[in-house]
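Enquirer: sharing a model that was predicted from the sequence below.
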Amino acid sequence: MTVPTYPVETDPPVPTGAQAAPPPVSTSALPAARAQLLHGGSVEQYRRAIADGVDRVARRVATVDRPATGVAPAELAPLVNTVDLDRPLGDAGAALDELEDVYLRDAVWFHHPRYLAHLNCPVVIPALLGEAVLSAVNSSLDTWDQSAGATLIERRLIDWTAARLGLGPDADGVFTSGGSQSNLQALLLAREEACAAATTPAARMELLPRLRVLTSAAGHFSVQKSAKLLGLAPDAVIAVPTDAQRRIRPAAVRDEITRCRQAGLVVMAVVGTAGTTDFGSIDPLAELAGICAAAGVWLHVDAAYGCGLLVSPTRRHLLDGIERADSVTVDYHKSFFQPVSSSALLVRDRRALRHATYHADYLNPARMVQQQIPNQVDKSLQTTRRFDALKLWLTLRVMGPDALGALFDEVVDRAAEAWQLVSEDPRFEVVTRSQLSTVVFRYLPTGPGRELADAANLYAREALAASGLAVVAGTRVDGRHFLKFTLLNPATTGDDVGHVLELIAGHAGRYVRDNTAADLTCPVG
Ligand SMILES: Cc1ncc(COP(=O)(O)O)c(C=O)c1O
């Protein structure tokens, strides 16, 4: 690798005397540094650099024959760690060459049909176009004077999403970095609403440790994290039991609200999940809404995963009841085929967003509200914020919602086929049929090998990951190790699923055979 040289310029004359400022470290590098800024004089370089980057990714996407290489951290870390960040390569081509080694070669590719692990989707091209545009223009969605039309576009998409949810005319919301942030903000708003009656600091301090949040035992861990960030008690989140389909039991929610009240506790929110991470189960939203309305409790629906149903031509009804939620999390970067990040928090009553509003003289003085200059910072936990909404905008403008929904429907159909395949295979045990696109299952050895089931499934997952031939996830169900497919790629076929099941059975079966044989040869006692 060569270190580039730049034309040496004569340093400008430096004033002499006691007040003279120290000379810049190296003015000779300045012209080259300026050329790296995007401006009218550097657009050709910009075009070339981006085209080169896009070409390399396109080549990888076209040729990868497996979703991962299975590289171990210990193999990759030395490559990354020996890059001398104080010695620039000076040229995008050289940096991209290096990037091939430290990142692209071993990247995990979500577009590959045998990537079946987490809630990562392949991404649609209009959204990638949006990503390229938004990062180059670099609008910041805090204030109008940093965004102009971007603020209006985000607002249109919030209104569009709120209308799809059916939240009514007073709804509003804001884009966030992801489902975790959306859940955090929702619970912040719920906490503030619950604390509204505690008008003195002392009353608030007395109330805070008594606040409780009810959510499904299968709910997302960001609810717990949020509770901690919000200063709630360590036991503030109560995991409510689920039914056989891993949906929250509404009767248990009702009982828990009563129990809390009797114990002097205040339920500040019920979090329903529309698409649990592991099981794709959708809580009975209408029943939860009825319970919350009767009890005067904030209902937040975490639809980070299930929000794809909002555009589904055939399954929108699975979200019935969501229109009665006080707040909803949607993750476009899960089931709208958008690149990370793209998420939003929606609220039924826009006034609730005031709990995130602070005014700064330099940025969003209160007079701007009086002047009706739109800004999004008043609604957001962030200040400087990406124009992620542009990706969804271009996606809708190029493809439209039905096409997106058809893609999501396809993965839900494919998951149903996968469930069928696994449940008919005597080598496997499957937990529950997902309403969305996961399949939680495990290899179940027969005979004396059965007690090795946990270890065999763990082994199979690791062996598969090391081969890179497929990537699947793992989770625990009732204390036992299970494997999980999350299907978000319409390109995944039944054959892919069948092939991956054979690979898993091969690894797990080998583990059981090896370890049972080893046991037999081990001296006893
Ligand atoms: C149901 C649910 N809620 C929230 C989240 C968190 O979303 P994010 O990863 O975008 O922060 C996830 C992530 O998988 C999820 O499945």
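Expert: Nice, I can see it.
Enquirer: the most centrally placed residue in the chain and residue 222, how far apart?
Expert: Geometric centre of the chain, nearest residue: residue 178, 5.0 Å, by Cα atoms, centre = their mean. Separation of residue 178 from residue 222 (Cβ to Cβ, to the nearest Å) stands at 9 Å. In short, each C-beta sits where N, CA and C put it, glycine included.
Enquirer: mind checking how far whichever residue of the stretch 301-450 of the chain sits closest to the ligand is from residue 65?
Expert: Here the stretch 301-450 of the chain gets closest to the ligand at one residue, residue 304, 3.5 Å apart by Cβ to the nearest ligand atom. To residue 65, residue 304 is 31 Å away according to Cβ to Cβ.
Enquirer: okay, these two: which has more neighbours?
Expert: residue 304 (28 against 8; other Cβ atoms under 10 Å).
Enquirer: residues contacting that one?
Expert: Residues in contact with residue 304 (Cβ atoms under 8 Å, 6 or more residues apart in numbering) are 119, 178-179, 182-183, 220, 275, 329-331, 334, 343.
Enquirer: now do 10 Å
Expert: 119, 178-180, 182-183, 220, 222, 273-277, 328-335, 343 (Cβ atoms under 10 Å, 6 or more residues apart in numbering).
Enquirer: with residue 354 instead?
Expert: Contacts of residue 354 (Cβ under 10 Å, 6+ apart): 189, 192, 378-379.
Enquirer: wait, residue 399 sits on residue 125?
Expert: Yes - the pair residue 399 / residue 125 is scored as a contact, 9.1 Å apart, by Cβ atoms under 10 Å.
Enquirer: common neighbours of those two, please.
Expert: By Cβ under 10 Å, 6+ apart, the residues touching both residue 399 and residue 125 are residue 337.
Enquirer: more neighbours: the two, which one.
Expert: A side-by-side neighbour count of residue 399 and residue 125, using other Cβ under 10 Å, places residue 399 first with 17 against 12.
Enquirer: re earlier: tell me how far the residue nearest to the centre of the chain lies from residue 418.
Expert: Taken as Cβ to Cβ, the span from residue 178 to residue 418 is 26 Å.
Enquirer: cool, residue 384 as well?
Expert: Residue 384 is 42 Å from residue 418, by Cβ to Cβ.
Enquirer: ok, those two, which is more surrounded?
Expert: The neighbour comparison of residue 384 against residue 418 (other Cβ under 10 Å) goes to residue 418, with 27 against 12.
Enquirer: give me the three-state assignment for that one.
Expert: Look at residue 418: counting by DSSP: H, G, I helix; E, B strand; the rest coil, its state is helix.
Enquirer: so which residues on the protein come close to the ligand?
Expert: 119, 178-180, 183, 220, 222, 273, 275, 277, 302, 304-305, 331, 343 (Cβ under 6 Å from any ligand atom).
Enquirer: rerun at 5 Å
Expert: 119, 178-180, 220, 277, 302, 304-305, 331 (Cβ under 5 Å from any ligand atom).
Enquirer: which of those sits closest to residue 236?
Expert: residue 220 (15.5 Å; Cβ to Cβ).
Enquirer: so the closest one belongs to a strand, correct?
Expert: No - per three-state DSSP, residue 220 lies outside any strand segment and is coil.
Enquirer: that one: what's it in contact with?
Expert: With Cβ under 10 Å, 6+ apart, residue 220 has these contacts: 179-180, 183, 226, 271, 273, 275-278, 302, 304-305, 329.
Enquirer: want to throw the residues you listed into TSV with secondary structure?
Expert: Output for these, formatted as TSV (three-state DSSP):
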residue	secondary structure
179	helix
180	helix
183	helix
226	helix
271	strand
273	strand
275	coil
276	coil
277	coil
278	coil
302	strand
304	coil
305	coil
329	strand
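Enquirer: which pair in the residues you listed has the greatest spatial separation?
Expert: Longest span within those, Cβ to Cβ: 226 and 278, 19.1 Å.
Enquirer: quick check: residue 387 touching residue 132?
Expert: No - if you go by Cβ under 10 Å, residue 387 and residue 132 don't touch, sitting 11.9 Å apart.
Enquirer: between the two, point out the one with more neighbours.
Expert: Taking other Cβ under 10 Å, residue 387 and residue 132 do not tie; residue 387 has more neighbours (25 against 15).
Enquirer: in this structure, which spans are strands?
Expert: Counting by DSSP state E, the chain has strands at residues 115-116, 172-176, 211-216, 237-240, 266-273, 298-303, 327-331, 343-347, 428-430, 438-443, 471-477, 480-486.
Enquirer: most tightly surrounded among those?
Expert: Comparing the strands of the chain by mean neighbour count (mean count of other Cβ atoms under 10 Å), strand 327-331 ranks first with a mean of 31.
Enquirer: could you say what helices and strands that strand packs with?
Expert: helix 149-165, strand 172-176, helix 179-194, strand 266-273, strand 298-303, strand 343-347 (3 or more Cβ pairs under 10 Å, 6 or more residues apart in numbering; DSSP states H and E).
Enquirer: save these as TSV, and put in mean pLDDT too.
Expert: Shown next, in TSV, are the helices and strands packed on strand 327-331 (pLDDT from 0 to 100):
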stretch	mean pLDDT
helix 149-165	98
strand 172-176	98
helix 179-194	98
strand 266-273	99
strand 298-303	99
strand 343-347	99
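Enquirer: I'd like the ones you listed as a markdown table, with distance to residue 486 appended.
Expert: Shown next, in a markdown table, are these (distance: least, Cβ to Cβ, whole Å):
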| stretch | distance to residue 486 |
| --- | --- |
| helix 149-165 | 23 |
| strand 172-176 | 22 |
| helix 179-194 | 14 |
| strand 266-273 | 15 |
| strand 298-303 | 16 |
| strand 343-347 | 17 |
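Enquirer: out of the ones you listed, nearest to residue 69?
Expert: Of these, nearest to residue 69 by Cβ to Cβ is helix 179-194, at 28.5 Å.
Enquirer: give me the buried positions along the closest one.
Expert: Within helix 179-194, the residues scored as buried using 16 or more other Cβ atoms under 10 Å are 179-194.
Enquirer: got it, and stretch 352-362?
Expert: By 16+ other Cβ under 10 Å, the buried positions in stretch 352-362 come out as 352-353, 355-356.
Enquirer: now do the end-to-end distance for that stretch.
Expert: End-to-end span of stretch 352-362 (Cα to Cα, to the nearest Å): 24 Å.
Enquirer: and if you look at stretch 61-68?
Expert: 12 Å.
Enquirer: for the closest residue to residue 497 other than its chain neighbours, what are its contacts?
Expert: Using Cβ to Cβ, 6 or more residues apart in numbering and skipping the chain neighbours, the partner closest in space to residue 497 is residue 418 (4.5 Å). Counting by Cβ under 10 Å, 6+ apart, residue 418 touches 116, 411, 430, 434, 437-439, 441, 485, 487, 492, 494, 496-498, 500-501.
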